[in-house]
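# Any chance you can model this:
(4 chains)
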Amino acid sequence: MTIRVRYFASLRERVGCAEAQFNTGTVTTVATVWHALNPDLALPGNTLAAINHEYATLDAVVHDGDELAFFPPVTGG
Amino acid sequence: MTIRVRYFASLRERVGCAEAQFNTGTVTTVATVWHALNPDLALPGNTLAAINHEYATLDAVVHDGDELAFFPPVTGG
Amino acid sequence: MLIEIRETPFDPLAELSRYQAKPDLHGKAGALASFIGLMRDHNEGDQVSAMCLEHYPGMTEREIARIIDEAQVRWPLLDALVLHRVGEMLPADPIVLVAVWSSHRAAAFESCRYIMEALKSRAPFWKHETLTDRGRWVDRNTDGY
Amino acid sequence: MLIEIRETPFDPLAELSRYQAKPDLHGKAGALASFIGLMRDHNEGDQVSAMCLEHYPGMTEREIARIIDEAQVRWPLLDALVLHRVGEMLPADPIVLVAVWSSHRAAAFESCRYIMEALKSRAPFWKHETLTDRGRWVDRNTDGY
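From the prediction side, this is the model:
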């Protein structure tokens, strides 16, 4: 299955890219995707994640075709 | 001494006038002025009073030249 | 700071735009909280076709100024604007505008509501409604908290 | 109900005027509470000369819609309008407008603040400030209560 991964704001700068693709044959969680794609970068403690535009926890399961986003605390308004 | 007395809104309609003058030679309170001017009309329980544009209690003393106002609960905004 | 009682219809958003252009707010104000009270065509289950707002000239302005002073003691405000209509009005007419500028939003939100609630409970205004078949004085304001 | 993300400067009071003209609000709305967030020229002791607001297109709009839905469950609202700026902006530029119409003022005040606070804590926007000598990401929003 294929997951579209997106990074925003300061986290995008730290990771060094805005978007990546993740392919796997097994059941995968949000945290697993991060570690597989960023083996040398610990997930910052305040990172937020969203699956298909909805907030998700780090142990949430991702499915084929999902869009998974990682971003720092929001600062709008 | 002379006190200018004003009535507003529904209280003006009950009293039947917007403005009256009260003359006395002795020390006088807000309640005394009402009773002297309106001997047949008990002061409605929710009436508010102001002396010179500032809220006053019924036992506040009025002085020569004061403007004393009586009015019902306020309903602006 | 500006407090005005208006005897003719006013456009609160246009007034707010004009006031907001003050150069001392530029770049300093991070938050503008405002409240606009509008005349409804119904009240307590009855249709209301018109309304007349009476006030106590002089005391009204002083009482609103005291309320704004109290708010300025409690919160760090940059500026405040209060406009209130009096006289004959029709449904949908603006009755009152309360606007507060501050650096941060908590002060703006809280002081705007404080000023509005204090105005409703203390500023000497009285509403007389015209219903289909009669007129009536509004006898009290509902609690806003 | 309207939610829009704007990539160019907007005039929140003019937008509010336009939206307020909707015929279904006429005579029904007794209260309009609104909040406008403006860019300040200073933050955390530093001068800020410009700002760039990033967002997550799609999720931002959906999250704000969820927030308004929550507010509509909690309070009897007649209508709501949320506009938010993204991209490059300068001090004094409007960043966000939250406006709520209701029959009565308590619902308008409380839901306006609720929507604004929820937007600040949940809607995916990120501010990057240009200071005199460097740029920096704003790392978190201050608590608004």
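# residue boundaries of the strands in the chain?
With no chain named, the answer covers chain A. Taking DSSP state E as the test, the strands found in chain A are A:2-7, A:19-23, A:28-29, A:48-51, A:54-56, A:61-62, A:67-71.
# Please refer instead to chain C.
Taking DSSP E, the strands of chain C run over residues C:2-6, C:31-38, C:42-43, C:46-55, C:77-85, C:87-89, C:94-102, C:125-131, C:135-137.
# which stretch in those strands has the least confidence?
Among these, strand C:42-43 has the lowest mean pLDDT, at a mean of 93.
# how about that strand, does it get close to chain B?
No. On the criterion CB under 8 Å from any CB of the partner chain, strand C:42-43 is out of touch with chain B, staying 10.7 Å away. Every residue, glycine included, has its C-beta placed from N, CA and C.
# List the pairing partners of that strand within its sheet, with orientation.
Under the criterion DSSP bridges, strand C:42-43 sits next to strand C:46-55 (antiparallel) in its sheet.
# What is the neighbour count of residue A:25?
6 (other CB atoms under 10 Å in any protein chain shown).
# which residues does it contact?
For residue A:25, the contact set (CB atoms under 8 Å, 6 or more residues apart in numbering or on different chains) comprises residue A:1.
# isn't residue C:51 right up against residue C:41?
No. Using CB atoms under 8 Å, residue C:51 is not in contact with residue C:41; the gap is 10.0 Å.
# Stretch C:120-134 and chain B in contact?
Yes. Stretch C:120-134 is in contact with chain B by CB under 8 Å from any CB, via C:120-128.
# In chain A, what residue lies closest to chain C?
residue A:77 (8.0 Å; CB to the nearest CB).
# For that residue, give me the pLDDT.
Per-residue pLDDT puts residue A:77 at 96.
# before we move on, what about residue C:144?
78.
# The closest residue to it other than its chain neighbours and chain A, how far apart?
Setting aside the residues directly before and after it, residue C:144 is nearest to residue C:117 in space (CB to CB, 6 or more residues apart in numbering or on different chains), at 4.8 Å. Look at residue C:117 and chain A: by CB to the nearest CB, to the nearest Å, they are 25 Å apart.
# If you tally nearby residues, what's the number for residue A:55?
Neighbour count for residue A:55, taken as other CB under 10 Å: 15.
# pLDDT score assigned to it?
98.
# Likewise for residue C:29?
At residue C:29, pLDDT is 95.
# same thing with residue C:120?
97.
# Surely it and residue C:141 touch.
Yes. Taking contacts as CB under 8 Å, residue C:120 lies within contact range of residue C:141: 4.8 Å.
# what bridges to the closest residue to residue C:49 other than its chain neighbours?
Excluding its sequence neighbours, the residue lying closest to residue C:49 (CB to CB, 6+ apart) is residue C:130, at 5.2 Å. Under the criterion DSSP bridges, residue C:130 forms beta bridges with residue C:50, residue C:135.
# count of residues packed around residue C:130?
By other CB under 10 Å, 16 other residues sit near residue C:130.
# report the longest helix in chain C, please.
helix C:105-122 (DSSP state H).
# can you give me the offset of it from its chain's centre?
Per CA atoms, centre = their mean, to the nearest Å, the displacement of helix C:105-122 from the mean C-alpha position of its chain is 10 Å.
# what's around the closest residue to residue A:6 other than its chain neighbours, how many residues?
Of all residues not flanking residue A:6 in the chain, residue A:69 sits nearest, at 4.4 Å (CB to CB, 6+ apart). Residue A:69 has 25 neighbouring residues, counting by other CB under 10 Å.
# ok, back up a step: do I have it right that the residue nearest to residue C:49 meets residue C:48?
Yes. Residue C:130 lies in contact with residue C:48 (CB under 8 Å); the separation is 6.8 Å.
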